[in-house]
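Enquirer: below is the sequence, then the predicted model.
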Amino acid sequence: MNDPQKRYSSHLQNFNKKLELSIKEHHNSPLINIGRALHANDGRTPFFQLQGLARIDSKIGKSKKRAEKWILDFKEIEDAIGKFDYWDAMITNNKRWKFPSEVSNYFENQAYFCLGVMEDRLVNAGWLSSSPDGLKYSPEAYDSFNKSFKKLESYGSEKERKKLLELFRDELFEINVKVKSKEIDLNNLEFGIHEFRRKLRWMGIYCSALLGKVKIDISRKNLPLNHFVTKERASFKFNQLPVNEQQEFPIYYLRGGFYAMSDLIKIIGDIKDPGLATEEMLRIGKFLGINESVIKKHLGKEFYPHTKVVKDARDLINNYLLKDKILLHSADHFDKQIK
C-alpha cells in the first residue's frame, strides 16, 4: 500500500467495522452496552494506528496542520475507550483481590461514568446518533474523515522513505538523550517511567500503522543486538508487522533492536501496572477509610510500592539503554539506510 491516504482509510474502515459490529451486538442483546462492546471488540487499536499516522505527518508531512487536528480528533475517542479500559481492568482484577463491596461499587461507578463519556464523544464526533429507540450508527464521521483524507498531501514513496528513516533515527536518539540527561526522570512513575514507555510504544505503533512500509530486517551475522533474536521473540504477536509485498522503498528496523524494544515495553508494563494499581488503591483507601495493611493483604503479591516500581523499572531501562544500547544501535541502523 504505497498511497498514504489509503493507510488512513484502512484503519478508519477497521474502526467502522468494529463499531457496526458493536451496535449489532447491542441491538441483538440490549443489555450489552455499545461502549462496552466496542471496548471488547478492540475499538481502541484503530485509533492508536490513526494517531500514529497523524503524529508522523505532523512531524514530517506536507499537511502538518491537518494532521495536528486529526491527532486531537483520534485521541478524543481513543482516550475515552482507554479510561474505560482502566476501570474495567480494575473490576477484573478485583476478582482476585476481593476488596469489599464499597470498593467494587466504586470501580463499577467509575467504569459506568467512562462508558457514558465514551458514548457522548462518539455521538458528538458523528459516529453515533441519538434516536427515540436509542443510539444508532451514523455515517457522518466516517464520511467526513474519508473526505478529509483525500486532501492529504504526500511524498513519493522514495522521498517518504528518506523522511521516515530520518524521523525514526532522530526519535530513537532523542529518547536516549532524554533518559541519559534525566529530562525523562526515571525516579517518577507517571511522568518518567510511564512517559518513557509511551514513547517506545509510539515507535511500535508507527511501524504497524504504516502497513508494510516498515519491515523487520533479516538476521545477519555480526549485527548488533543479535542476542535478542530468538524464536520465542519472533513468534510474539507484537513482533509481527503488516506485510505489503507491493510496497516500494521499505525501511528496515534492526531485528534485535525491535525485539528488545518489545521486551522493554512489555516488562515495564508488567512492572508499571501493579504499581499504578497499588497507587490507585492507596488513594481510594484514604477516602474510603481502608488502611494500608488491609490494602496490602488484598493485593498480596501485586502490592508494588512506588520505591520498588521505580527501582526495578529504572534498573531495567538502564540495562537496555546503557549496557545494550538498543536505541542507539537501532538509530544507527536507520541512519545507514539513508542515501
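Expert: Structure received. Residues are numbered from 1 along each chain as shown.
Enquirer: so K136, which of the three states?
Expert: Classification of K136 by DSSP: H, G, I helix; E, B strand; the rest coil places it in strand.
Enquirer: could you give the bridge partners of it?
Expert: S129 (DSSP bridges).
Enquirer: and the gap between it and F303?
Expert: Between K136 and F303 the computed distance is 45 Å (Cβ to Cβ, to the nearest Å). All C-beta spots, glycine's among them, are computed from the backbone N, C-alpha and C.
Enquirer: which of these two has more neighbours?
Expert: Using other Cβ atoms under 10 Å as the criterion, K136 and F303 rank with F303 on top: 19 against 13.
Enquirer: what segments of the stretch 1-150 of the chain are helices?
Expert: Ranges of helices in the stretch 1-150 of the chain, per DSSP state H, counting those that start in this stretch, are 4-28, 34-40, 44-60, 64-97, 101-124, 140-149.
Enquirer: next, the buried residues of the fifth one.
Expert: Pointing back at helix 101-124 there. Using 16 or more other Cβ atoms under 10 Å as the test for burial, helix 101-124 gives 103-104, 106-108, 110-111, 114-115, 118-119, 121-122.
Enquirer: next one: it to chain centre, how far?
Expert: 21 Å (Cα atoms, centre = their mean, to the nearest Å).
Enquirer: run the angle between that helix and helix 140-149 for me.
Expert: Here the directions of helix 101-124 and helix 140-149 differ by 60 degrees (axes from the mean of the first three to the mean of the last three Cα atoms, to 10 degrees).
Enquirer: with the longest one instead?
Expert: With the same axes, to 10 degrees as the criterion, the two stretches helix 64-97 and helix 140-149 enclose an angle of 140 degrees.
Enquirer: can you list the buried residues in helix 64-97?
Expert: 66-67, 70-71, 73-75, 77-78, 80-84, 87-88, 90, 93-94, 97.
Enquirer: and it, what does it pack onto?
Expert: Judged by 3 or more Cβ pairs under 8 Å, 6 or more residues apart in numbering; DSSP states H and E, the packing partners of helix 64-97 are helix 34-40, helix 44-60, helix 101-124, helix 140-149, helix 255-288.
Enquirer: between the ones you listed, which gets nearest to K163?
Expert: Distance to K163, taken as Cβ to Cβ, is lowest for helix 44-60 among those, at 4.5 Å.
Enquirer: packing partners for that closest one?
Expert: Partner elements for helix 44-60 (3+ Cβ pairs under 8 Å, 6+ apart): helix 4-28, helix 64-97, helix 157-180, helix 194-209.
Enquirer: circling back to that earlier point, let's have the helices of the stretch 1-150 of the chain in a markdown table, adding distance to V310 and mean pLDDT.
Expert: As requested, the helices of the stretch 1-150 of the chain are exported to a markdown table (distance: least, Cβ to Cβ, whole Å; pLDDT from 0 to 100):
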| stretch | distance to V310 | mean pLDDT |
| --- | --- | --- |
| helix 4-28 | 35 | 97 |
| helix 34-40 | 30 | 98 |
| helix 44-60 | 27 | 98 |
| helix 64-97 | 21 | 98 |
| helix 101-124 | 26 | 98 |
| helix 140-149 | 41 | 97 |
